[in-house]
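>>> Return atomic coordinates for the entry below.
(one chain, ligands or ions: 1)
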Amino acid sequence: MSGLWRFVQGGGRARMVGSVLLGTGTVLASVGLLAASGALITGAALQPDSLLVLLPLITSVRLFGLSRAALRYAERLVSHDLTFRLLGQVRSATLRHLTQLAPAALVGVRGGDLLARVRSDVDELQGVYLRLFAPTLVAALTALVTLALVWLVAPPLAPITAGLLTVAGVVLPAVAVRAAAPAGQTQNAARAELGAATLEALHGLPDLLTGGGRPAAEQHFAGLLTTLEKAEIRRTQVTAPANVVRDALGGLGLLAALALVGQGVAAGRTPEPLLAAAALGLLASFEAVGNLGSAWAAHGALQAAARRLGGLRALSPTVQDPQAAAALPLDLTLRFEGVGFEYPGQDRSTLRNLTLTLRPGERVAVVGPSGAGKSTLLALALRFWDPSNGRVSLGNVDLRGLQLTDLRACFAWAPQQAEVFGGTLRGNLLLGDREARDADLTALLTDLGLGALLARLPGGLDGWVGEFGAQLSAGERARLSVGRALLRAAPILLLDEPTAHLDPANARRLLSTVEERACAQSVLMVTHQPELLGTQWRVVQLTGHLSEEAERT
Ligand SMILES: Nc1ncnc2c1ncn2[C@@H]1O[C@H](COP(=O)(O)OP(=O)(O)OP(=O)(O)O)[C@@H](O)[C@H]1O
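This next block holds a predicted model:
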């Protein structure tokens, strides 16, 4: 409960009070409308000619009818405004946190699961106020006003009403929470797994269709859908009886009112129109309180969503901004000094006592066996991780002392898995430089050997490259990623195996484009093809733990 309450804080106390008062006003207007209508019908039947009796009742019916609509409208405005504010706050806080976690702290989180947390769990939580807290607060206020009115009109009816309202407003929700919690949690978990499995299946669809994985995947999906269906049925099995009990309690209230107020009418102590007014008014007030049963049946699913989002919030970034950041130095020499590093949970070092210097304007190629830690080296430069020993510095300032945005502005990076976004060629390139003109983009693509792609793609620069660049070859994706990094024109260029998917001619062409276009930049490149490099490159061998100048082959 307290876990959910924090999701409604921050929406503004005035808005919350306003929405609860307006909601209570709406319910009381409904109660008043039904009570006045009952009284009017009775009055009209018993004293059809008495304007003194009928006129105030007719006015009341009109007043309650009109005010109910106006109050409902105002309540919806305020409560939805509050809900969307809360939703916006939760969503932006989650996305802000994700940005701090990416990429290193998110390595162990499944993409689809992440998507489910950001989308469905956050969406689910918009119901915390609207479906849970607002109806509960409105029901509590309505119950108090109902009890006060009942006590005024027919005191003997008050304890019975209090008992019935307690069952409807306390016992019924408590039972619904217990009964529906497992179904809600299962539903939430199955929905998240379905999201994750769908995304992964879409990614690996060709593999699933051609390899033997299809039957297992289909079975997994069928199992998830059955679980979801069963959970939905179980939740309905709770909400349906809760609604029946709500109606039965309302009916009991009505009967009690007829019996007890009826005694007063029979004894001549109570005016006749009050009998129908009390009975119908009581029935209407149960509408608000009785709905809490089905409202609280959603508690389990809401709590599961809150827990999953809390789990994401509990992840800590691998690196933080310093308390007091140093100014970015003018000298941008990148140094690895006695650097050791092991990934969390691993007992072996990926890098040990690594020393390497990249001076401004220098070109350094890092070579070494697969798994030697070459990409890790670039990740340390970008400060996705901090070294376990030694230090990485820019111009003698430890990277840990620099603001992350300042530090990362010094680098342009083309990762090993070229990131190509579902969009156009232009859109992908402009991520490197928003101001770049079409002529520059065309020249760059031509230099990178992508002129044929530009000509082939319908729309040229406006050509759609497919989801994650699916319409491009691996070599084209790699060159597009390098092109974007070149456009960024940051002082230090980090390239991770940019030629891995290229034939020797295209690989040489890419390297000479890098050499020409990045003539004023330092370049640190990971490669398995040192034989393609010209004499301006210094080649460093990463042999497991130690770096050394490599013999040029
Ligand atoms: N996020 C991670 N968590 C745990 N271990 C990791 C992580 N990333 C990489 N590793 C491990 O660290 C080691 C070095 O990985 P890295 O990607 O730096 O190697 P590499 O030299 O670039 O290899 P390749 O030439 O195959 O690309 C590998 O054994 C890898 O399994």
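>>> What does the pLDDT read for T42?
On pLDDT, T42 comes in at 89.
>>> Count the residues that sit near it.
20 (other CB atoms under 10 Å). Any C-beta I mention is one placed from the backbone N, CA and C, and that applies to glycine too.
>>> Can you list the helices and strands that the host helix or strand of it packs against?
Element membership for T42 (DSSP states H and E) is helix 13-46. Helix 13-46 sits against helix 51-101, helix 134-153, helix 273-290, with contacts defined as 3 or more CB pairs under 8 Å, 6 or more residues apart in numbering; DSSP states H and E.
>>> So which of those helices is nearest the ligand?
Smallest distance to the ligand across the helices and strands packed on helix 13-46 (CB to the nearest ligand atom): 13.0 Å, for helix 51-101.
>>> and the closest one, what does it pack onto?
Secondary elements touching helix 51-101 (3+ CB pairs under 8 Å, 6+ apart): helix 13-46, helix 122-125, helix 299-314.
>>> Which of the three states applies to the residue nearest the centre of the chain?
Residue closest to the average C-alpha location in the chain (CA atoms, centre = their mean): V118, at 1.6 Å. Recorded secondary structure, V118: helix (DSSP: H, G, I helix; E, B strand; the rest coil).
>>> Apart from its chain neighbours, what residue comes closest to it?
In space, and not counting its chain neighbours, V118 is closest to T94: 5.9 Å by CB to CB, 6 or more residues apart in numbering.
>>> And Y343, by the same measure?
Nearest non-adjacent residue to Y343, counting by CB to CB, 6+ apart: T350, 6.2 Å away.
>>> what's the neighbour count on that neighbour?
Count around T350 with other CB under 10 Å applied: 22.
>>> show me what contacts it?
F341, E342, Y343, G373, T376 (CB atoms under 8 Å, 6 or more residues apart in numbering).
>>> got JSON lines for these, with neighbour count and pLDDT too?
Shown next, in JSON lines, are the contacts of T350 (neighbours: other CB atoms under 10 Å; pLDDT from 0 to 100):
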{"residue": "F341", "neighbour count": "23", "pLDDT": "95"}
{"residue": "E342", "neighbour count": "17", "pLDDT": "94"}
{"residue": "Y343", "neighbour count": "14", "pLDDT": "93"}
{"residue": "G373", "neighbour count": "24", "pLDDT": "94"}
{"residue": "T376", "neighbour count": "22", "pLDDT": "96"}
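>>> of all those, which comes closest to G18?
G18 lies nearest to Y343 out of those, by CB to CB, at 51.8 Å.
>>> Does the closest one fall in a helix, a strand, or a coil region?
At Y343 the chain is in coil, as set by three-state DSSP.
>>> about what we covered before: let me know which of the helices and strands packed on helix 51-101 is the nearest to the ligand.
Closest of those to the ligand is helix 299-314, at 18.1 Å (criterion: CB to the nearest ligand atom).
>>> which parts of the closest one are buried?
Neighbour counts over helix 299-314 (16 or more other CB atoms under 10 Å) mark H299, G300, A301, L302, Q303, A304, A305, A306, R308, L309, L312 as buried.
>>> Same question for stretch 438-458.
In stretch 438-458, counting by 16+ other CB under 10 Å, buried: L441, T442, L444, L445, D447, L448, G449, L450, L453, L454, L457.
>>> which of those are close to the ligand?
Under the cut-off given by CB under 6 Å from any ligand atom, the ligand has nothing from these close to it.
>>> ok and the strand or helix carrying A259 relative to helix 273-290, angle-wise?
A259 is part of helix 214-266 when elements are defined by DSSP H and E. Interaxial angle of helix 214-266 relative to helix 273-290 (axes from the mean of the first three to the mean of the last three CA atoms, to 10 degrees): 160 degrees.
>>> what does stretch 449-457 rub up against?
So stretch 449-457 is contacted by 425, 442, 445-446, 460-461, 463-465, 471-472, 476, 479-480, 483, 506, 509-510 (CB under 8 Å, 6+ apart).
>>> Give the buried subset of those residues as a PyMOL selection command.
This is the PyMOL syntax for the buried subset of the contacts of stretch 449-457, where burial follows 16+ other CB under 10 Å:
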select buried, resi 425+442+445+460+461+463+465+471+472+476+479+480+483+506+509+510
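>>> Helices - which of the contacts of stretch 449-457 land there?
Counting by DSSP state H, the part of the contacts of stretch 449-457 found in helices is L425, T442, L445, T446, E476, R479, L480, G483, N506, R509, L510.
>>> Pull the contacting residues for the second one.
Read that as T442. Going by CB under 8 Å, 6+ apart, T442 touches L454, L461.
>>> try 10 Å this time
Contacts for T442 (CB atoms under 10 Å, 6 or more residues apart in numbering) come out as L425, R426, L450, G451, L454, G460, L461.
>>> and the residues you listed, which two are the farthest apart?
By the measure CB to CB, R426 and G451 form the most distant pair in the contacts of T442, at 15.1 Å.
>>> The nearest residue to V31 once chain neighbours are set aside: neighbour count?
In space, and not counting its chain neighbours, V31 is closest to A284: 4.3 Å by CB to CB, 6+ apart. For A284, the neighbour count with other CB under 10 Å is 23.
>>> any idea of the pLDDT on A284?
Reported pLDDT for A284: 89.
>>> residues touching it, list them.
27-35, 38, 142, 146, 250, 253-254.
>>> just to revisit the earlier point, dump the buried residues of helix 299-314 to JSON lines, plus pLDDT.
Converted to JSON lines, the buried residues of helix 299-314 look like this (pLDDT from 0 to 100):
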{"residue": "H299", "pLDDT": "89"}
{"residue": "G300", "pLDDT": "89"}
{"residue": "A301", "pLDDT": "88"}
{"residue": "L302", "pLDDT": "91"}
{"residue": "Q303", "pLDDT": "90"}
{"residue": "A304", "pLDDT": "89"}
{"residue": "A305", "pLDDT": "90"}
{"residue": "A306", "pLDDT": "91"}
{"residue": "R308", "pLDDT": "89"}
{"residue": "L309", "pLDDT": "90"}
{"residue": "L312", "pLDDT": "89"}
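>>> for this protein, what are the low-confidence residue spans?
1-2, 544-553 (pLDDT under 70).
>>> cutoff 80 now
For the chain, applying pLDDT under 80 flags the ranges 1-3, 10-11, 48-53, 287-288, 290, 543-553.
>>> Which positions in it make contact with the ligand?
Residues of the chain that fall close to the ligand, judged by CB under 6 Å from any ligand atom: 107, 343, 346, 350, 368, 370-376, 416.
>>> Count the neighbours of V31 for me.
V31 sits with 26 neighbouring residues when counted by other CB under 10 Å.
>>> Does it touch A279 like I think?
No. Between V31 and A279 there is no contact under CB atoms under 10 Å: 11.7 Å.
>>> Who are the contact partners of the residue lying closest to A74 once chain neighbours are set aside?
Computed as CB to CB, 6+ apart, the closest residue to A74 that is not its neighbour in sequence is L22, at 5.1 Å. For L22, the contact set (CB under 10 Å, 6+ apart) comprises A70, L71, R72, Y73, A74, E75, R76, L77, V78, S79, V138.
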